[in-house]
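Trainee: For reference, the sequence and a predicted model appear below.
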Amino acid sequence: MSILSKPYFHDEHAAFEKLESIIWPDGPICPHCGAVDRISEINGKSARIGLKFCGHCRKQFTVRVGTVFERSHVPLHKWLQASYLMCASKKGISAHQLHRTLEVTYKTAWFMEHRLREAMVQDNLPPMGGSGKTVEADETFIGRRKGVLMPKGGVAHKMKVVGLVERGGTVRTFKVDAVTAKAVREIVTENVSRESELQTDEAQHYVNLGKEFSRHGTVHHRDKQYAAGNDYTNTIEGFFGLFKRRDLVDLGTVPPRFDRVGWCL
Ligand SMILES: [Zn+2]
């Protein structure tokens, strides 16, 4: 037995049971009218798996309604395989790899990854850090913006990403149009508690921003300094290292909503 032998990865009934246990821990809820009682199973040979009937609004539904799995011809157990593969590997999984592993078309695999990434978007998250906690901030340039030609040098053609990591906690990444003091300040102040200690490199856009936190530690990369005691940004740089090894083709086509993502290290 291994995690890959779990029935919900292979059997459609088990897959529905698994999703129902996650989405409806206290029993089914009608997505049309919100009813929690008078919901019955629709059995019978021609009935779709997991089909339910609401006695209040007299409509039918399955647990897929209102989730990223809605209106897809891909069996749910394959969706569960896809989400497991995407979440279980630190560097993610490319749509090509998913297409080969799941034996779905490349187009389908690409669509599935797209939808699953959208589902990973988290909004209105509480601030990171807090008293006695340390948050590292840094930015990186990655891939190539859509429709922009590859020049010989510089970073103008690349996508700009600002990253925040709470040491021992979670990571958030943000796509920005340009790494400006204004853009960075907005992201950092909206996402990091003022009681935190902020760790950054020597970049100018952190100088004033740093004063808004309980302490501001900096490393001077220009002087080939990478850590001084507790002052370092190695955690966020390590994350960027992994992030860049993800499938860049897919990163170039991320949906616009994919700008606030919480990742767990
Ligand atoms: Zn209903």
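Mentor: Happy to help now that I have it.

Trainee: which residues of the stretch 151-265 of the chain fall in helices?
Mentor: Using DSSP state H, counting those that start in this stretch, the helices of the stretch 151-265 of the chain run over residues 181-191, 207-210, 234-244, 248-251.

Trainee: Of all these, which one is nearest residue 83?
Mentor: Proximity of the helices of the stretch 151-265 of the chain to residue 83 was assessed by Cβ to Cβ; the nearest stretch is helix 248-251, lying at 15.1 Å. Using the backbone N, CA and C atoms, a C-beta is placed for each residue, glycine as well.

Trainee: tell me, how many neighbours does the residue nearest to residue 212 when sequence neighbours are not counted end up with?
Mentor: By the measure of Cβ to Cβ, 6 or more residues apart in numbering, the closest residue to residue 212 outside its immediate chain neighbours is residue 194, 6.1 Å from it. Burial measure for residue 194: 13 neighbouring residues, criterion other Cβ atoms under 10 Å.

Trainee: Next one: residue 194 from residue 200, what distance?
Mentor: Look at residue 194 and residue 200: by Cβ to Cβ, to the nearest Å, they are 15 Å apart.

Trainee: picking up where we left off before, okay if I get the helices of the stretch 151-265 of the chain as a markdown table plus distance to the ion and mean neighbour count?
Mentor: A markdown table is the format used below for those (distance: least, Cβ to the ion, whole Å; neighbours: other Cβ atoms under 10 Å):
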| stretch | distance to the ion | mean neighbour count |
| --- | --- | --- |
| helix 181-191 | 38 | 17 |
| helix 207-210 | 50 | 16 |
| helix 234-244 | 42 | 18 |
| helix 248-251 | 37 | 16 |
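
Trainee: right, and residue 234 touches residue 221 too?
Mentor: No. Using Cβ atoms under 8 Å as the test, residue 234 is too far from residue 221 to be in contact (11.2 Å).

Trainee: one step back: which pLDDT does the model give the residue nearest to residue 212?
Mentor: In this model, residue 194 is scored at 95, pLDDT.

Trainee: ok, residues contacting stretch 181-198?
Mentor: Contacts to stretch 181-198, defined as Cβ atoms under 8 Å, 6 or more residues apart in numbering, come from residues 125, 127-137, 139, 162, 164, 166, 172, 174, 176-177, 204-206, 208-210, 212-217.

Trainee: repeat for stretch 78-90
Mentor: With contact meaning Cβ under 8 Å, 6+ apart, stretch 78-90 is reached by 3, 8-9, 15, 18-19, 69, 72, 92-93, 98, 101-102, 104, 109, 112-113, 116-117, 242.

Trainee: distance of the residue nearest the centre of the chain from residue 128?
Mentor: Residue closest to the average C-alpha location in the chain (Cα atoms, centre = their mean): residue 120, at 3.7 Å. As for residue 120, its distance to residue 128 is 17 Å (criterion: Cβ to Cβ).

Trainee: And for residue 36?
Mentor: The gap separating residue 36 from residue 128 is 35 Å, by Cβ to Cβ.

Trainee: When the two are compared, which one has more neighbours?
Mentor: More crowded of residue 36 and residue 128, by other Cβ under 10 Å: residue 128, with 20 against 13.

Trainee: And the pLDDT at the nearest residue to that one once chain neighbours are set aside?
Mentor: In this structure, residue 128 finds its nearest non-sequential neighbour in residue 166, 4.5 Å apart by Cβ to Cβ, 6+ apart. In this model, residue 166 is scored at 92, pLDDT.

Trainee: Contact residues of the stretch 51-200 of the chain facing the ion?
Mentor: Within reach of the ion by Cβ under 5 Å from the ion, the stretch 51-200 of the chain has these residues: 54, 56, 57.

Trainee: repeat that with 6 Å
Mentor: Contacts of the stretch 51-200 of the chain with the ion, taken as Cβ under 6 Å from the ion, map to 54, 56, 57, 59.
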